[in-house]
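Chemist: this one's sequence-less:
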């Protein structure tokens, strides 16, 4: 049962002011006695926990209140129930734990001193009696709790705690808790955990009016040597405000084996500003050597800024850890900031001072990290260098130094970004972006073997478009959640330099070179790095392994009689390098596969064969397969990003001769590959299949092309600019430009793209080469795209000439066509050039193909509009993926050229101003230059933008569409992270007028027959308006009278239509009508007058005549006479009404 003993000295004392000492005590729990004498008060607590409710609790200057408690772990709650705040201007002392709760506010003034043995809490948030008595320290506020401030001195004994809790908290005094815990908490729900690691958790933001000041201000000193400091403010994500201003000192130095820790948390909507000193630096031990490690500093909020601050977690053993804005690996361990900025006067240090590993520094934000200060996490003695992690969607950006040095051991530097592209340099206005120049700097700075520099993209594909070169032993790792595309030059010349690439692709022109004798690639050592012809041939010993070509190889001077690699089942990545002057000559023999690789069921990628020559003779009974790269690409074989050039030929009497610029036969996958090879296939007695890319195709081919000229000579010839014969599989997004010449003996099928199809499908393809046939008297099918087709073909065009000079005639089976010689398949949404094909029709049995002139092909309005209506993708709706963006399959005609196909790597990024134009504009003059950046060193600065997308882009597009940079066509991706520039197309304005229209009562008028007239503007070629005008007078049930004609559903999203309403007059349509009034005559003579019945049509006894008075638009007038009347009377009536 609670009790209270109150007494005072019996001798006389001077009168005290009412607020000089606490008053109005009432014990709510436990046993407490209160005595006062003069200017002092003694409170004696005999129970382990107790609660006293006070009318007021103040200690005037020069006065004191002393608590006597059973022990340092004993606690007393002093709750103020009156209406005045508490002021501590004198001294409060205790040997245990003292809690002061006053919802009206608490202030410890500059003369105030608080000294306790176990703990001290000053709070304007309340706590329930039951919680306090049970040791559950859960505080809750009113929603707008008052301020707690300290301008004096608060000291707590060894291992104790101190906390100031309120709606706002101020400290410009001293708080010292050696080896203990100190907390400043602002919020409406706060929990103290005295035994756990969390110490103080804050939630529920205060509803206090934002006065521009921070919720927590520390301009004084908070010190917990060997202990923990926590400053937390509760803020709402959608209500940004200043949370913490740390301009003073927060010091939790590590000592005696106990590492200090300091945490500053501004909440989801709070900003944290640090301009003072935050230190968990170790104290040097008296014994030598000192091994005390540095402590931990963690600072986060919605925004974090360090301005001229000192952040120090150095240790005499290992360096400590400093995390600003987030955790390096666990997103849930520490709130991630939105932005993080470090001023040039800020010093961040986590060094090992005597001997040990450098510490860890993390700079993290979900949006932007800007570092202008200095960072040091050096190792000492034999210790490793430090670990540095920087992450920002835009950036991170570095304007100063990061020092992770060590004498011998490795260091780690990691960059995480959401940028889709890294360039060498960025233009003005994009200085927030991370560049390869920054990465390159640290690749060369970290020199010890095993040191690691990482670039990581957590969300998107990442293109390295800048150049990187380092001569140190550092390992460079690039990783992404989706894909990494190398578009620049990466060169590692250090003896132990390494490279680790995750899910990699490469753009043409990109090259990766590793020259060190101890270099590694994806943890593969030197025996898997290909540098010589002998290295290539050594693959035969372990064909299932992964191999990387790390420098160019010249094979000139040697003629091979068999493939260098007989069969590959592993991986051969060319890294963009070139194998030149490969010569394979097989004079005779039974071998069936000829090429650099005989048979491939593995992966061959990013390799160039230049000036290669393959010449083979085969007479075997099973067929022969020859290509510069491979003889046969098996069903599991994958070829991507390979370019070949040179010559290839095959001769002999094999039952089938299959010759391709890249592969003789493809039963696997070929993508993003190019063949520019002169080919000749000659079979003395049997058949030849010859194609610019592949001879025989039964697999998958996509985004590939061929450009060499082709000659086929055999009894049975299948010849195509890309594929000789397709018996199965798919062919898509590919094209051919080479000419095809066939000299048949008996039967020939030849096309600009494919000679013969009998299985699979073909889509989004084109051919521009000529197809020529000579000699031969039997079945011949020649076409601009396909010789003979039996499959589904969609979205294709051909522009080459098709000609025949042999003696065969249509009666002999000769079929020539501008698109296909013969077709019994299905062709849709396709075109051929009627000017250049030399043929009067698309081909025998061909439908679904439209003929166009050269001018129509090159007209971006006409061709693109027609093709889009047929289902072609010029805007990205069908989507090829590049850098997690959608890009179109087709590029619009530009500069008088025909449409082209995009390849996945043909992307560029844009920097600069937003561009606003109007649909149909051909150019835009810019007030500031736009910078387009593509692969390494491929940039273009323009002030006049030629548009190719306006005619197909609806309001609000964010894609710039097609641009030409350095002679290459690119599709420009507008990435807000990278640039912020966008392309806005506003609709083109047109003015339409409705007609003055008459129709007889009882006629149901289809809305589609109501005409409209342009009074301003017009539609661009190929465009149409869809929908109809509308009028309540159109139905047969409409009564006599006049009705408005409105715009109705007539629309096109690329046009802004203004419309002047028309008038529909419904009249009695029997003989004798309409009335011949002046108003009626005026209506009839208006040039826009129209009628619902066609000229010359007769109904019942009415005669209808057409009048053409020379006005704008068709004019059809009603003339109503009895059919028995003379024609002269009708003509007179017509003349009178007009």
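Modeler: Arrived safely. Treat the numbers as computed from the prediction; the structure is a model and nothing was measured.
Chemist: now do the buried residues in the helix or strand harbouring residue 191.
Modeler: Using DSSP states H and E, residue 191 sits in strand 189-193. By neighbour count on 16 or more other Cβ atoms under 10 Å, the buried set for strand 189-193 is 189-192. The way it works is simple: take the backbone N, C-alpha and C, and place the C-beta from them, glycine included.
Chemist: kindly report the same for stretch 1005-1012.
Modeler: Residues of stretch 1005-1012 classed as buried: 1005, 1007, 1009-1012 (neighbour count, 16+ other Cβ under 10 Å).
Chemist: hmm, who's touching that stretch?
Modeler: Residues from elsewhere that reach stretch 1005-1012 (Cβ atoms under 8 Å, 6 or more residues apart in numbering): 992-995, 997, 999, 1028-1031, 1033-1035, 1045, 1048, 1050, 1059, 1062, 1064, 1090, 1092, 1113-1114.
Chemist: ok, back up a step: tell me which of the buried residues of stretch 1005-1012 is nearest to residue 579?
Modeler: Within the buried residues of stretch 1005-1012, proximity to residue 579 (Cβ to Cβ) peaks at residue 1012, which comes in at 65.2 Å.
Chemist: now that closest one: phi and psi?
Modeler: The phi/psi pair for residue 1012 (degrees, to the nearest 10) reads phi -140, psi 160.
Chemist: tell me how the protein divides into domains.
Modeler: Following automatic domain parsing, the chain resolves into domains at 1-193, 225-409, 418-523, 529-685, 880-986, 1008-1050+1058-1137.
Chemist: mind checking these for the one nearest to residue 704?
Modeler: Between those, domain 529-685 lies closest to residue 704; by Cβ to Cβ that is 4.6 Å.
Chemist: count the residues that sit near residue 897.
Modeler: Residues lying near residue 897 (other Cβ atoms under 10 Å) number 14.
Chemist: need the helices for this protein, in chain order.
Modeler: For the chain, the helices defined by DSSP state H occupy 129-134, 436-445, 533-538, 854-858, 860-869, 1078-1085, 1127-1137.
Chemist: buried stuff in the shortest one?
Modeler: Yep, that's helix 854-858 we're talking about. Within helix 854-858, the residues scored as buried using 16+ other Cβ under 10 Å are 856-858.
Chemist: please apply the same query to the first one.
Modeler: Buried residues in helix 129-134, counting neighbours by 16+ other Cβ under 10 Å, are found at 131-133.
Chemist: follow-up on the earlier one: quick one: the buried residues of helix 854-858 as CSV, columns for pLDDT and distance to residue 166 too.
Modeler: Converted to CSV, these look like this (pLDDT from 0 to 100; distance: Cβ to Cβ, whole Å):
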residue, pLDDT, distance to residue 166
856, 91, 77
857, 89, 76
858, 85, 74
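Chemist: nearest to residue 657 among those?
Modeler: Distances from residue 657 to the buried residues of helix 854-858, taken by Cβ to Cβ, are shortest for residue 857, at 35.7 Å.
Chemist: which residues touch the closest one?
Modeler: Taking Cβ under 8 Å, 6+ apart as the test, what residue 857 contacts is 797, 799, 831, 833, 863, 893, 898-899.
Chemist: which among these gets closest to residue 95?
Modeler: Closest to residue 95 out of these is residue 899 (88.4 Å), distances taken as Cβ to Cβ.
Chemist: just give the number of residues close to the closest one.
Modeler: Other residues near residue 899 come to 22 when the count uses other Cβ under 10 Å.
Chemist: kindly report the same for residue 641.
Modeler: Neighbour tally, residue 641, other Cβ under 10 Å: 24.
Chemist: spatially nearest residue to it (excluding sequence neighbours)?
Modeler: Closest residue to residue 641 apart from its sequence neighbours, by Cβ to Cβ, 6 or more residues apart in numbering: residue 606 at 4.3 Å.
Chemist: mind listing what that neighbour touches?
Modeler: Contacts of residue 606 by Cβ under 8 Å, 6+ apart are 506, 510, 573-576, 640-642.
Chemist: need these in TSV with pLDDT and distance to residue 204, can you?
Modeler: What follows is these, written out as TSV (pLDDT from 0 to 100; distance: Cβ to Cβ, whole Å):
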residue	pLDDT	distance to residue 204
506	88	53
510	90	53
573	96	56
574	96	60
575	96	56
576	95	57
640	96	56
641	94	56
642	97	62
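Chemist: closest to residue 394 among those residues?
Modeler: For the contacts of residue 606, the residue nearest residue 394 by Cβ to Cβ is residue 510; the value is 24.5 Å.
Chemist: around that closest one, count how many other residues there are.
Modeler: Neighbour count of residue 510, defined by other Cβ under 10 Å: 24.
Chemist: follow-up on the earlier one: columns distance to residue 694 and pLDDT on top of the buried residues of strand 189-193, output as a markdown table?
Modeler: Shown next, in a markdown table, are those (distance: Cβ to Cβ, whole Å; pLDDT from 0 to 100):
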| residue | distance to residue 694 | pLDDT |
| --- | --- | --- |
| 189 | 70 | 97 |
| 190 | 72 | 97 |
| 191 | 70 | 97 |
| 192 | 74 | 97 |
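Chemist: now, which of the residues you listed sits nearest residue 74?
Modeler: Checking the buried residues of strand 189-193 against residue 74 with Cβ to Cβ, the nearest one is residue 192 at 16.4 Å.
Chemist: which ones are touching the closest residue in space to the closest one that isn't next to it in sequence?
Modeler: Leaving aside its chain neighbours, residue 192 sits nearest to residue 137 (4.0 Å; criterion: Cβ to Cβ, 6+ apart). Residue 137 makes contact with 121, 127, 131, 191-194 under the criterion Cβ under 8 Å, 6+ apart.
Chemist: 10 Å - rerun?
Modeler: By Cβ atoms under 10 Å, 6 or more residues apart in numbering, the residues touching residue 137 are 75, 99, 121, 123, 127, 131, 161, 163, 165, 190-194, 200.
Chemist: equivalent analysis for residue 744, please.
Modeler: By Cβ under 10 Å, 6+ apart, the neighbours of residue 744 are 712-717, 719, 750, 773-780, 806, 808.
Chemist: over to residue 696?
Modeler: 623, 625, 632, 656-660, 663-667, 689-690, 718, 723-727.
Chemist: show only the entries of those residues found in strands.
Modeler: Mapping the contacts of residue 696 onto strands (DSSP state E) picks out 625, 632, 656-660, 663-666, 689-690, 718, 723-726.
Chemist: if anything else comes up later, I'll come back, but that's it for now.
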